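Trainee: quick one: sequence and predicted model below, then my questions.
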Amino acid sequence: MTGEPRLLARLFVATGRRLARLPPPSGWLLAAAMGVATALAYVWKQPIAAFFEGHPGGPVDALAELANVGGAGVTVVAAGVLLLVVGRGLRKDSLVQTALVLGAAGAWCWLLTTAGQVLLAEQRPSEGGEMGWLALGGHGVSGHAAAAALLFWPVRDMLAPPRLRNAVSVAMLSWAAWVGWSRMWLGMHHLWNVILGLALGFLTGRAGVAAWREIEDGV
């Protein structure tokens, strides 16, 4: 392998190593906070799901459907392919590198999300929300939320100019929140599924960017 396929493979391995590392103390605190939030959301999953049930149709439904379509994993794939094609055409290394980071981090995000859905084989709220374990077709982790959150770090740290980084951060966080809300509004996921998906997306996206920096620095 040479060129981009080789770099993609290196990024995939390096991202996996980053994910396997123990987090710093601040990371443990964040993980604990996420764990508490997830546990509370699971305990109250039925009352929270009931809050989103029976909503009227109209513009709000249209907004939810828009986020539902745009927030699918295929969006990350399309964004990566577009960045790769445009980056090659314009000879912009930053675009090509971002595409490769999305590819490596996205692969890990998909693997971990799929594993979580098999382990936490929960039904969708619209299907009753019954919890199951170790089965195909589960929905215990929101893949849409993971895909939306995955974009945050690569876009913010690799594409956004420094002067626009704060604005881009707000925009990407808003996008992830919008997609997460849409999954609950449409009865596709519970809040705790969305929290897990967002956590996986942010984690793998950050690991991908960190892996790219390691390779750039020759670590």
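Mentor: Great, that's in hand.

Trainee: tell me the contacts of residue 148?
Mentor: Residue 148 is in contact with 71, 175-176, 178-180, 198, 201, counting by CB atoms under 8 Å, 6 or more residues apart in numbering. No exception for glycine: its C-beta is placed from N, CA and C like everyone else's.

Trainee: and the two most separated of those?
Mentor: Using CB to CB, the two most remote members of the contacts of residue 148 are 178 and 201, lying 13.6 Å apart.

Trainee: count of neighbours near residue 47?
Mentor: Neighbour count of residue 47, defined by other CB atoms under 10 Å: 8.

Trainee: any chance you could map the helices in this protein?
Mentor: Listed in chain order, the helices of the chain (DSSP state H) span 3-20, 25-43, 45-52, 59-70, 73-90, 93-119, 143-150, 152-154, 165-185, 191-217.

Trainee: elements contacting the last one?
Mentor: For helix 191-217, the elements it packs on are helix 3-20, helix 25-43, helix 45-52, helix 93-119, helix 143-150, helix 152-154, helix 165-185, judged by 3 or more CB pairs under 8 Å, 6 or more residues apart in numbering; DSSP states H and E.

Trainee: cool, the second one as well?
Mentor: Other elements packing on helix 25-43 under the criterion 3+ CB pairs under 8 Å, 6+ apart are helix 191-217.

Trainee: any buried residues in the helix it packs on, and which?
Mentor: For helix 191-217, the neighbour count (16 or more other CB atoms under 10 Å) marks 191-212, 214-215 as buried.

Trainee: same deal with stretch 153-167?
Mentor: 153-160.

Trainee: which of those residues lies closest to residue 24?
Mentor: For the buried residues of stretch 153-167, the nearest to residue 24 is residue 153 (16.5 Å; CB to CB).

Trainee: that closest one is in contact with residue 202, isn't it?
Mentor: Yes. Using CB atoms under 8 Å, residue 153 makes contact with residue 202 at a distance of 7.2 Å.

Trainee: returning to that earlier point: most packed of the helices and strands packed on helix 191-217?
Mentor: Among the helices and strands packed on helix 191-217, helix 143-150 has the highest mean neighbour count (mean count of other CB atoms under 10 Å), at a mean of 30.

Trainee: that helix vs helix 93-119, what angle?
Mentor: Angle of helix 143-150 versus helix 93-119, following axes from the mean of the first three to the mean of the last three CA atoms, to 10 degrees, is 150 degrees.
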